[in-house]
Each structure stands twice: as C-alpha cells, then as structure tokens.
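Q: Predicted model follows, preceded by the sequence.
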Amino acid sequence: MSYPYQITSKEAYQQAYKKSVEDPEGFWSAIAENFQWKKKWDKVLEWRFKGDGAPVVKWFRGGKLNITENCLDRHLNTLGNKPAIIWEPNDPEEHYRVLTYKQLHQKVCTFANVLKNNGVKKGDRVCIYMGMVPELAIAVLACARLGAIHSVIFGGFSAQSIADRIQDGNAECVITCDGAFRGNKTVPLKAVVDDALVQCPGVKRVIVLTRTRTPVSMIKGRDVWWEDEIKKVETMGNPDCPAEEMDAEDPLYILYTSGSTGKPKGVVHTIAGYMIYCTYTFVNVFNYQPGEVYFCTADLGWVTGHSYVVYGPLAAGATSMMFEGIPTYPDAGRFWDIVDKHKVNILYTAPTAIRSLMAHGLDFVKDKDLSSLRVLGSVGEPINVEAWQWYYDYVGKKRCPIVDTWWQTETGGIMITAIATVTEPIPAYATLPLPGIQPAVMDEHGHEITDMETSGNLCMKFPWPGMLRTTWGDHERCFKTYFSAYPGYYFSGDGCLRDKNGNYRITGRVDDVLNVSGHRIGTAEVENAINMHVNVVESAVVGYPHDIKGQGIYAFVITEGNHDNNDDLTKKDILETVSRIIGPIAKPDKIQFVKGLPKTRSGKIMRRILRKIAEGEMHNVGDITTLLNPDIVEDIKKGKV
Ligand code: WT7
C-alpha cells in the first residue's frame, strides 16, 4: 500500500496547502477517493459557522460507508498476515501479543456478534471503561462495525464521572474488565463500574473481560463474561459480521472533555470526515512508510488513542503498537526497551512523559538500541525547550525530526505541526498548519489580525473534515463554547504567537482550563468536587508551573472551623473527595487553607491574583485596590504552601 496523498517535499506541501484553501472540496474529495465507500457522496461540504442553529458542518453528504471496512476488510487481501496491533503488556515478563489484520478482523466480527446478541444495535450508545488491552480496540471497532456509538472513559475517572457520562449519553450497555494493571498497582475497574451503576438503572448489560483476576461481583441478568459470550458466538458457527451501512455524517463516537464550566461535554465525531482526516494526518505528519512499526503511547481513554492508536493507523494499514503500562514501570527504560524489542520506527508521546523520564537520568536511555527510530512526535501541551532537546539528543540521537503536534479533542486530528522529513521543526513551535487548516489569530476586539508576526487567540476560519459536529444532547452548548466568542470562527481556547514566517507557537489555554500531564481539567469541576466536602465553605483552583506535569493544581480552600496548613488529615479528606467525584487525575497537588478569597465588589473571585501567588510571584500580584477585601491578599501570601 502506498499513499497517493502523501506529501514528500516542501513544494508539494505548499501546493497542497494552496489547493486546500482555493478549492477545499476538490482537495478533500481527491483524498476521499482513496477510501472504501458503499456509496459515494453527493456533496463534499455544507457549512455554516454563524446564524440560527449553527454550527452546521456536513462533509461527504449522502456518502455511505463503514469505518471498520476501511480499517480492516479492505486490507485483508494485501496485508492480511501483517500485524495490525502489537500489544505490549504492563509486565515485560508477560508475553506480548500480535494481532494480524486477519485476526483483528475476525475478533472484531466475533465481538460485534456478541454485542448484537446482547441487544446492541445501530445508534445505541455503548460505554467502554477498560484498561489498555487489545480487547479495548476490539470493543471500539466492534461498536463501529454495528454503527453503535462508543463512549470510552479513561480508567482514571471515578464512579461518579462514569455515572454522569452514562446518563448523559443514555448508554444501555457497558464494557469493562475485572481490573487493569498499571505499574505495580491493580485498578478494580468492575468494582468502580458497579458503584457507578447504582445511579444508572438504564444500563441493561455489562460485559466483563477477564484481565487481572480481581474478584468481582456479577449481577444476575445484567452482567456477563466476555469470554463466555465469545464462546456462544463461536459455537453458533459463522462468526462473520457484515458491516452496517452508515451515513457519512452518522456519529462514530462521543468523547467527554472538560471546559470552563463544571460539566464535561460530550464531543461528537462523525464517521467519514473523521476517518479521512485521521488517516490523512497520520500518513503525512509522521511520514508513515508501509511496514513500519508505529508506537503512540496514549491511552484509548483520550482522543489521541482514538485517532492515532486505532482509527488513523488502521485505516492506513499501519502496524500500531498498543501499550498497557506506564513509562516508569518496571523502570524508566520501559519505552526504550519496547522500541528496541519491536524495532519501533515512529514514536509519538507526551512532553510530561519525556520530562518524567528525563528526571530519572540518562542511565535508562543511554545504552538502549534506538537505531530503528526515524520520527518522533509530541502531543498534549507545549513542549518546553529542555524536554525537546533531551528528546532530540538522547532518544532521536540527533537524527530524528520531532513533530510537535497541536490539536484538540474537538479537532479530531492534528492541525498545526511540522511534517516529518518535509517541513522544518522548530523547538517550542508547533510550526505550520496542515493542508485544509486555516488558522486565524484574533485581537482583543474580536477581529482577525492579518499581520503575519503577531499574537492573540487561536481560531479556525474554515471547517475541516475531522472537526466536532456537536456536543452530545446540547447543540446550543457547542455553539456557545466554540462559535460564539468570534462569530464565524471556531475558537480553540488557546492563545498563540505567530512569527514572520507563519509559524505558530501555542502559549496555552486562555480559559479556566488546566492542562495537567497533557490532560484537560476544568478548574470549575475541581472546585465543585472540593466544595462537596462537608468542611469546605468555598474554594478556588488555579494552575501553577509543575516540573513534570506541566501544570499542577493549586487549591485555595476556606473551611468551616479552624484548619491550618499543617492539617494533613483534612487535606487528605479533600483529596479523597476529589478522587471520588472526578477521579485521581484531578487531585490538587497543593491545598492551602485560607480565611477568605480575594473578591471584587460584585463578588467575583480574582483568579489573576491567586494565580500569581500560586506561581510564587508574590511581589507582582497586580492591582488589588478594586478588591472588596484587599487585606486578605497579604494573609494568603503568608500561608503559601
Ligand atoms: C489542549 C487540547 C490533542 C490531544 C491531546 C490533548 C493543548 C495539545 C499541544 C501542543 C501546545 C497543546 C492545547 C489544546 N495542546 N497539543 N502540541 N502544543 N499545546 O487533547 O485534552 O483535547 O487538550 O491541549 O491547550 O487546547 P485535549
């Protein structure tokens, strides 16, 4: 398999970019021709960012297809015996698994029949809460085979978060594992699901895969074992499962992500545009060559796992590594051992992982054979220059381009990045927009800045096939969050700089959203969770620079009664509350008990001041004369933890 749309020179990039702006429909339809359709589209693009009921975005209207035929069936003749997924377990002593395209196809069909037998049909929502085992990819693809809409929830979320997401999507089926291995820990996934389901009477079926042999409670009439259900399908004979004919714009999945309000939103991606965008960007950004081993370290609980572990690579017929563990178990050489063992050619990981491995020192990397590596990628947050240099020098041995890929859950795929072997990477810059992507930088009055060298808020002025179509069950919210700040534009929530050559440097979120270890967490969500604790009166959460996580979570908390900053028990109780309400990933790194919060006369918390204090900029908190209670600032400064 080769890719007619693969860009191999700077000139070709410029040409593709120009074409994509001048004739977007012609540009994307030529790419769409390389996929398998049951029926071709009638119209390439229909769109409106402004006005009643907007946003309206439809790509490939009238087209019919199934994404799993593109990811699996169409490769069977050419790549049937080639590895689709290589899975490396948490424990390096356990044997790795290889699933060829043929084997993966067959397992997806069998499990799709399991879902069918358990009442799942086209359009149903299926919630998936599993560890990083191959069956997770199989479950996702089996949903897509039937046209069921998957909603994957990261294993670090709590029972309450699962319940919220199940209720929001009205899922009737949940797929989980008894437990998940994570470093030297075992996470009891099924028990967490059980806690969630107390609040979800609508769930009719739970399918449980055996992974850790953690004891579980199986509820009669509701819970069944994955393995038993597979046997039933196999003994019935024909495990084949025809792919449901889907509309180009039918929803493929829902993935929840945090915003500036307390409630996560269900980002909806639809089938055809998303598939084409993931595949196009995968092939180009990483310069993927047929036969290469590609390793994206992301969990399938996040969009990176959806787009660049499963859909993009498989639609391109690539070999995708899937990793169950964590970068530091059994030691900080785990990634490099995997690269050596499987001769990985392309590695795509997050700055937070690089920084944590950097902190463990060079001993874990220096004697590893990393000569198979050809391209390195980074995603999730701005990569700082030190981490970039370390990645470049010690992992890529100064031979491998690093692509710093900027994108978001909402964008479906990579938007601004260097193209490996084609355009020039620049440390700390995401660099240039991919073909099809039209960024705009906005000034404080809401106007697009046309000067090249500038800074402001990052928007998009034209639709691209991978963009979100709505937020599940609440289209108005989609409009308000992304399309109302700058009418006629998609607003990313990020700030950026643009240099004189048109390279973009992303400077981080401009809303009340934190980026902790590459994961998006809303400050309002964390505050809501903290405020649920009985002793808490009020709280304010801000981010601060953290050496490993990028941003850490700093919570200022007013309690009932007297708690001083040495009161570890109360702090632990608050952490436990946040863990219960959102999940361990949202636990504050620092809690400071305060007597009051700096407020304006209208009662709004002045976060700017709290941010300065959390960052340690004590002498530079800015104007405090407009505060209702300016005295509190000195008090808070003294108590800094
Ligand atoms: C936010 C999106 C994209 C998949 C993983 C995160 C930040 C992401 C970069 C980058 C600077 C980046 C942005 C963005 N971000 N990649 N290469 N350089 N910032 O997905 O949870 O939807 O978060 O992550 O702030 O808005 P997400």
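A: The structure has been received and is ready for your questions.
Q: what does the protein have sitting close to the ligand?
A: 257, 302-304, 379-382, 404-409, 430, 492-494, 506, 508-509, 515, 518, 520 (C-beta under 6 Å from any ligand atom). No exception for glycine: its C-beta is placed from N, CA and C like everyone else's.
Q: let's see 8 Å
A: 257-258, 298, 302-304, 350, 378-383, 404-411, 414, 416-417, 430, 492-494, 506, 508-509, 513, 515, 518-520 (C-beta under 8 Å from any ligand atom).
Q: Tell me which entries of the residues you listed lie within helices.
A: 303, 304 (DSSP state H).
Q: Just the buried residues from the residues of the chain next to the ligand, in PyMOL please.
A: Typed into PyMOL, the line below selects the buried ones among those, using 16 or more other C-beta atoms under 10 Å:
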select buried, resi 257+258+298+302+303+304+350+378+379+380+381+382+383+404+405+406+407+408+409+410+411+414+416+417+430+492+493+494+506+508+509+513+515+518+519+520
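Q: nearest residue to the residue of the stretch 1-150 of the chain found nearest the ligand other than its sequence neighbours?
A: Using C-beta to the nearest ligand atom, the single residue of the stretch 1-150 of the chain nearest to the ligand is residue 132, 16.0 Å away. Distances taken as C-beta to C-beta, 6 or more residues apart in numbering put residue 324 closest to residue 132, at 4.4 Å, once the chain neighbours are dropped.
Q: coming back round to it: right, and the residue of the stretch 1-150 of the chain closest to the ligand touches residue 322 too?
A: Yes. Using C-beta atoms under 8 Å, residue 132 is in contact with residue 322, at 6.2 Å.
Q: From residue 534, how far off is the residue nearest to residue 132?
A: 38 Å (C-beta to C-beta, to the nearest Å).
Q: okay, those two: which has more neighbours?
A: Legend: neighbour count by other C-beta atoms under 10 Å for residue 324 and residue 534, higher for residue 324 (21 against 8).
Q: Isn't residue 544 up against residue 615?
A: Yes. Using C-beta under 8 Å, residue 544 is in contact with residue 615, at 5.2 Å.
Q: So which of these two has more stuff around it?
A: The neighbour count for residue 544 versus residue 615, taken as other C-beta under 10 Å, is higher for residue 544 (19 against 15).
Q: Run through the residues that contact that one.
A: 551, 552, 554, 590, 611, 614, 615, 616 (C-beta atoms under 8 Å, 6 or more residues apart in numbering).
Q: Which of those sits closest to the ligand?
A: Nearest to the ligand out of the contacts of residue 544 is residue 551 (C-beta to the nearest ligand atom; 10.2 Å).
Q: partners of the closest one in the sheet?
A: residue 545 (DSSP bridges).
Q: Next one: it relative to residue 422, how far apart?
A: Counting by C-beta to C-beta, the gap from residue 551 to residue 422 is 32 Å.
Q: Check which helices and strands the strand or helix carrying residue 580 sits against.
A: Residue 580 belongs to helix 568-581 when assigned by DSSP states H and E. If contacts are counted by 3 or more C-beta pairs under 8 Å, 6 or more residues apart in numbering; DSSP states H and E, helix 568-581 sits against helix 159-169, helix 523-531, strand 550-559, strand 590-593.
Q: Using CSV, write out every CA atom in it.
A: Output of helix 568-581 as CSV, limited to C-alpha atoms (Å, rounded to 0.1, in the frame of the first residue of the first chain):
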residue,chain,number,x,y,z
ASP,A,568,-2.9,16.9,56.8
LEU,A,569,-5.9,14.8,57.7
THR,A,570,-8.4,17.4,56.3
LYS,A,571,-6.2,17.8,53.2
LYS,A,572,-6.3,14.1,52.7
ASP,A,573,-10.0,14.0,53.1
ILE,A,574,-10.4,16.7,50.5
LEU,A,575,-8.1,14.8,48.1
GLU,A,576,-10.2,11.7,48.7
THR,A,577,-13.4,13.7,47.9
VAL,A,578,-11.9,14.9,44.6
SER,A,579,-10.9,11.3,43.8
ARG,A,580,-14.4,10.1,44.4
ILE,A,581,-16.1,12.8,42.5
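Q: Could you figure out how far that helix is turned away from helix 523-531?
A: 120 degrees (axes from the mean of the first three to the mean of the last three C-alpha atoms, to 10 degrees).
Q: Which positions in helix 568-581 come out as buried?
A: Buried-residue list, helix 568-581, by 16+ other C-beta under 10 Å: 570, 571, 574, 575, 577, 578, 579, 580, 581.
Q: and of the residues you listed, the nearest to residue 50?
A: residue 581 (37.2 Å; C-beta to C-beta).
Q: Could you tell me the model confidence score at that closest one?
A: Per-residue confidence (pLDDT) for residue 581: 96.
Q: Then residue 626?
A: For residue 626, the predicted pLDDT is 89.
Q: ditto for the one 3 residues further on
A: Model confidence at residue 629, given as pLDDT, is 92.
Q: I'd like to know how far the residue lying closest to residue 437 once chain neighbours are set aside sits from residue 438.
A: Excluding the flanking residues, the one nearest residue 437 by C-beta to C-beta, 6+ apart is residue 415, at 5.0 Å. To residue 438, residue 415 is 10 Å away according to C-beta to C-beta.
Q: Compare these two and say which is more crowded by neighbours.
A: The residue with more neighbours, out of residue 415 and residue 438, is residue 415; 25 against 17, by other C-beta under 10 Å.
Q: Could you find the closest non-adjacent residue to residue 122?
A: residue 147 (3.6 Å).
Q: Apologies, that question was intended for residue 31.
A: Per C-beta to C-beta, 6+ apart, closest to residue 31 is residue 5, 4.9 Å.
Q: Kindly confirm my reading that that neighbour is in a helix.
A: No. Under DSSP: H, G, I helix; E, B strand; the rest coil, residue 5 sits outside any helix and is assigned coil.
Q: before we move on, back to that, I'd like the buried residues of helix 568-581 as a markdown table, with distance to residue 594 appended.
A: As requested, those are exported to a markdown table (distance: C-beta to C-beta, whole Å):
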| residue | distance to residue 594 |
| --- | --- |
| 570 | 13 |
| 571 | 13 |
| 574 | 13 |
| 575 | 17 |
| 577 | 18 |
| 578 | 18 |
| 579 | 22 |
| 580 | 23 |
| 581 | 21 |
